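Asks: take a look and give me a structure for this.
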Amino acid sequence: MLVTQALLAALALFISYGGNWLIGQCMIERPIMVGLIAGILLGDVTTGIIIGASLEAIFMGAINIGGAISAEPASATVLAVAFTVTSGIDQEAAIALAVPVAVVSAFFSIFMGSVVMNIFAPVLDRVAARGDEKGLYRMQFGTWAFKYFIFASIVFIAVLLGSAPVAALINLIPANVMAGLKACGALLPAVGMSLLMKMLWSKELAVYFFAGFICVSYLHLPMIGVAAIGVILAVVGALRDKEIFDLKKGGTAAASTAGGSSSEEEEFFA
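Replies: Numbers count the residues shown, from 1 in each chain. All right, here's what the predicted structure looks like:
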């Protein structure tokens with residue numbers, strides 16, 4: 001049974017993380033999608049969605065650009081879901097443990113991309129120099145399958161060998177330490193949102209932030225209701241901006257027409 005669950009966890013990572021880079025970075029490697037896929041394959045969709053959404057809030061502000069990788073949350077999400085489903089670990093503790101896993105996975109991802117995959121570069125150059133189009137296709141899909149098979153294999157081994165030790169470790173952790181892990185897991189989404197707000201913050205957007213805070217804290221609106229209000233405000237703002245743009249465009253055209261008429265009159269009387 002555990003072997004089957006480990007295989008399904010590895011398949012979830014291969015589909016989400018590998019599939020994202022096969023069909024044009026379609027964002028299925030984001031934690032909220034990885035959690036859904038892992039939950040479907042492991043038979044607990046609710047847990048997968050909850051953990052995926054929580055980790056998405058944490059890693060929303062972590063953006064990987066080029067070779068600079070701050071975190072690799074896909075593996076962390078799969079392991080968090082797998083450990084919760086297979087070992088019965090609390091979701092909060094699994095979320096807290098997923099953060100260091102994502103950081104370690106980032107270092108491994110850099111090693112794979114910068115060292116291991118460069119082994120194939122001379123072969124790719126020779127195939128391209130020969131003009132072998134079919135060979136290029138084989139190299140493209142072959143190296144892709146090799147890279148993400150390695151990632152999936154690591155997840156398989158981690159779930160197969162790590163779920164029982166992790167469960168035993170969790171049982172040995174004192175209650176006050178476990179309470180601290182749960183508290184950290186609850187705070188980490190706020191940290192992720194803070195990272196995102198640090199990049200997006202401006203005086204113009206501050207009013208919307210405080211409006212959302214009031215809606216949740218004092219009016220007790222659900223997140224779906226706040227999101228719906230946000231969509232309405234976005235549409236109203238877009239329509240207002242379009243109206244201002246049309247007015248400015250119309251005023252510029254009118255000024256140009258008036259200027260042209262005055263110039264023609266001056267030339268006529270001159």
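Asks: what about the spatially most central residue of the chain, distance to Gly251?
Replies: Residue closest to the average C-alpha location in the chain (Cα atoms, centre = their mean): Arg30, at 3.3 Å. Separation of Arg30 from Gly251 (Cβ to Cβ, to the nearest Å): 44 Å. Bear in mind the C-beta positions are built from the backbone N, C-alpha and C, glycine included.
Asks: same for the host helix or strand of Ser54, what does it pack against?
Replies: Secondary structure assignment for Ser54, by DSSP states H and E: helix 45-59. For helix 45-59, the packing partners by 3 or more Cβ pairs under 8 Å, 6 or more residues apart in numbering; DSSP states H and E come out as helix 31-42, helix 73-87, helix 91-111, helix 175-200.
Asks: avg pLDDT for it?
Replies: The average pLDDT for helix 45-59 rounds to 88.
Asks: how does the chain divide into domains?
Replies: Here the domain parsing of the chain from automatic domain parsing is 2-201, 202-270.
Asks: worst mean pLDDT among the ones you listed?
Replies: domain 202-270 (a mean of 78).
Asks: hang on, the earlier thing: tell me the most buried of the helices and strands packed on helix 45-59?
Replies: helix 73-87 (a mean of 29; mean count of other Cβ atoms under 10 Å).
Asks: so which elements touch that one?
Replies: helix 2-13, helix 31-42, helix 45-59, helix 91-111, helix 133-172.
Asks: make JSON lines from those and add distance to Val78 to it.
Replies: Output for the helices and strands packed on helix 73-87, formatted as JSON lines (distance: least, Cβ to Cβ, whole Å):
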{"stretch": "helix 2-13", "distance to Val78": "5"}
{"stretch": "helix 31-42", "distance to Val78": "5"}
{"stretch": "helix 45-59", "distance to Val78": "9"}
{"stretch": "helix 91-111", "distance to Val78": "9"}
{"stretch": "helix 133-172", "distance to Val78": "6"}
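Asks: so which of these is nearest Leu196?
Replies: Leu196 lies closest to helix 45-59 among the helices and strands packed on helix 73-87, at 8.9 Å (Cβ to Cβ).
Asks: surely Val159 touches Ala9?
Replies: Yes - the criterion here is Cβ atoms under 8 Å, and Val159 meets it with Ala9 at 4.7 Å.
Asks: and the domains of the chain, which is most packed in?
Replies: domain 2-201 (a mean of 18).
Asks: so what's the gap between it and the chain middle?
Replies: Mean C-alpha position of domain 2-201 versus that of the full chain (Cα atoms, centre = their mean, to the nearest Å) differs by 10 Å.
Asks: with adjacent residues omitted, what lies nearest to the residue nearest to the centre of the chain?
Replies: Glu56 (6.1 Å; Cβ to Cβ, 6 or more residues apart in numbering).
Asks: in this structure that neighbour contacts Glu29, no?
Replies: No - between Glu56 and Glu29 there is no contact under Cβ under 8 Å: 11.2 Å.
Asks: of the helices and strands packed on helix 73-87, which approaches Arg126 most closely?
Replies: Of all the helices and strands packed on helix 73-87, helix 133-172 comes closest under Cβ to Cβ, at 8.9 Å.
Asks: report the angle between the axes of the closest one and helix 73-87?
Replies: 50 degrees (axes from the mean of the first three to the mean of the last three Cα atoms, to 10 degrees).
Asks: mutual contacts of Val159 and Ala9, please.
Replies: 79, 82 (Cβ atoms under 8 Å, 6 or more residues apart in numbering).
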